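# quick one, structure for this:
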Amino acid sequence: QVQLEESGGGSVQAGGSLRLSCTASGYLVYYYCMGWFRQAPGQERERVATIDDNGATSITDSVKGRFTIFRDNNKNTLYLDMNTLKPEDTAVYYCARGGRGTCASYAMDYWGRGTLVTISS
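Below you'll find the predicted structure:
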């Protein structure tokens, strides 16, 4: 059974850092694209970052240079390092599993429940 569980959210001041984790079970993360998405209050869910099965990463422009996505294959865990956080980064962050060989949004078939990140100014 495929499961994804996020952790690491919390409340920090602007300029601070957080590391989100997404522990996967029921499959091996390095066989699939994995991604982080976020949804702010009143807004649509947006893609933040993805890492494909070859290890290639893609970061959305609004967080480029501040956020890093990576995975630990031994721990079967996906991470999102978030630095220089801004109030506009406040959102519920979700991890998702994509396809084998694709990170297209339509291929994201399993989702975690999300973890809340709140950035105060």
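
# how long is stretch 48-55 end to end?
16 Å (CA to CA, to the nearest Å).

# oops, could you answer that again for stretch 45-62 instead?
One end of stretch 45-62 sits 14 Å from the other (CA to CA).

# list the buried residues in that stretch.
Buried residues in stretch 45-62, counted by 16 or more other CB atoms under 10 Å: 45, 47, 48, 49, 50, 51, 52, 53, 59. (C-beta placed from N, C-alpha, C; glycine too.)

# same question for stretch 78-86.
Those would be 78, 79, 80, 82, 85, for stretch 78-86 by 16+ other CB under 10 Å.

# the last one - that's part of a strand, no?
This points to residue 85. No - read with DSSP: H, G, I helix; E, B strand; the rest coil, residue 85 is coil and lies in no strand.

# give me the phi and psi angles of it.
phi -70, psi 150 (degrees, to the nearest 10).

# ok, and the closest non-adjacent residue to it?
In space, and not counting its chain neighbours, residue 85 is closest to residue 119: 4.7 Å by CB to CB, 6 or more residues apart in numbering.

# rewinding a little: return the closest of the buried residues of stretch 78-86 with respect to residue 102.
residue 78 (16.5 Å; CB to CB).

# the stretch of helix or strand that closest one belongs to packs against which elements?
Using DSSP states H and E, the element containing residue 78 is strand 77-82. Counting contacts by 3 or more CB pairs under 8 Å, 6 or more residues apart in numbering; DSSP states H and E, strand 77-82 packs against strand 18-25, strand 34-39, strand 46-51, strand 67-72, strand 91-97.

# try 7 Å this time
strand 18-25, strand 67-72 (3 or more CB pairs under 7 Å, 6 or more residues apart in numbering; DSSP states H and E).

# of the ones you listed, which approaches residue 35 most closely?
Closest approach to residue 35 among the helices and strands packed on strand 77-82 (CB to CB): strand 67-72, 7.9 Å.
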